[in-house]
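Visitor: model the structure of this input:
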Amino acid sequence: MKIVIVDDDPLVCQSLKLMLELEDDFVVIGTAGNGQEALNFCKERDEKPDLILMDIRMPVMDGIESTKQIKKDFPRILIMMLTTFQDEPNIRLALQAGANGYLIKSTAEKNMTQQIRALQSGSSVFDETVVQKLVEPRADRLELLTDRENAVAERVAQGLSNKEIAEYLFLSVGTVRNTLSVILDKLELRDRTQLAIFYLRHKK
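Guide: The predicted structure is shown next:
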């Protein structure tokens, strides 16, 4: 099985490579430090990977966007998300992008080879904590927001910039930026795009 490892930490790439190549039927044909490099690898190399182990948060292009683009152009390539993030928005976005599996780094090392072989055989592979996130009913976290935070979130969902929100709500840009950071933390979201999607889906 030909594998590409995508992670912005070179030590993670190297340790995974060493571990996987202990198996006779696994060969790591490349590593990449971000999603764009992974996409370029698939486009430029004649030898395509059978499987990509993909981190989520990386510079230049994150793993979710990379997964989406790779799956669009190379649907037969299997992609396993291998990350520290176990929040529901990231999980759902990864699955929507076409990921075939989702593992948490802290628990994946114990049976990584078995999980890869399960994926290769056609099974979807998900960490137990990921499954729990997907099946548990979601609390309406919007109730955690203050009136100001809710107002900022609403304007983000409308597509306004920080400057436009500041002018609309008579706040400083710095206050809007800080408020947005608090909102993302409370709702366990990664960026304003996720916030906009979350708000539009869950607002009453």
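Visitor: for residue 161, see how far away residue 87 is.
Guide: 25 Å (C-beta to C-beta, to the nearest Å). Placement of C-beta: from N, CA and C, glycine included.
Visitor: now residue 34
Guide: For residue 34 relative to residue 161 (C-beta to C-beta), the value is 26 Å.
Visitor: who has more neighbours out of those two?
Guide: residue 34 (20 against 13; other C-beta atoms under 10 Å).
Visitor: which residues touch residue 54?
Guide: For residue 54, the contact set (C-beta atoms under 8 Å, 6 or more residues apart in numbering) comprises 6, 35, 38, 63, 66, 67, 79, 80, 81, 82, 83, 99.
Visitor: let's go with 7 Å and repeat that
Guide: Applying C-beta atoms under 7 Å, 6 or more residues apart in numbering, we find residue 54 in contact with 6, 38, 63, 66, 67, 79, 80, 81, 82.
Visitor: count the neighbours of the third one for me.
Guide: Here the count is done by other C-beta under 10 Å, and residue 63 has 31 residues near it.
Visitor: pretty sure it contacts residue 56?
Guide: Yes - with contact defined as C-beta atoms under 7 Å, residue 63 counts as touching residue 56 (4.3 Å).
Visitor: where does the most centrally placed residue in the chain sit: helix, strand or coil?
Guide: Centroid-nearest residue in the chain: residue 56, 3.8 Å away (criterion: C-alpha atoms, centre = their mean). Under the three-state scheme (DSSP: H, G, I helix; E, B strand; the rest coil), the conformation of residue 56 reads as coil.
Visitor: look up how far residue 122 lies from it.
Guide: Applying C-beta to C-beta to residue 56 and residue 122 gives a distance of 24 Å.
Visitor: quick check: the gap between the spatially most distant residue from the centre of the chain and residue 189.
Guide: In the chain, the greatest distance from the average C-alpha position (C-alpha atoms, centre = their mean) is reached by residue 170, at 34.4 Å. Residue 170 sits 25 Å away from residue 189, going by C-beta to C-beta.
Visitor: could you do residue 44 as well?
Guide: Separation of residue 44 from residue 189 (C-beta to C-beta): 34 Å.
Visitor: residue 198 now?
Guide: 6 Å.
Visitor: test my guess that the residue nearest to the centre of the chain contacts residue 81.
Guide: Yes - with contact defined as C-beta under 7 Å, residue 56 reaches residue 81; the gap is 6.3 Å.
Visitor: now do the shared contacts for those two.
Guide: Common contact partners of residue 56 and residue 81 (C-beta under 7 Å, 6+ apart): residue 63.
Visitor: overlap in contacts of residue 198 and residue 189?
Guide: Jointly contacting residue 198 and residue 189 under the rule C-beta under 7 Å, 6+ apart are residue 89.
Visitor: pLDDT-wise, which helix or strand of the chain ranks last?
Guide: Ranked by mean pLDDT, DSSP states H and E, the weakest helix or strand in the chain is helix 128-135, scoring a mean of 64.
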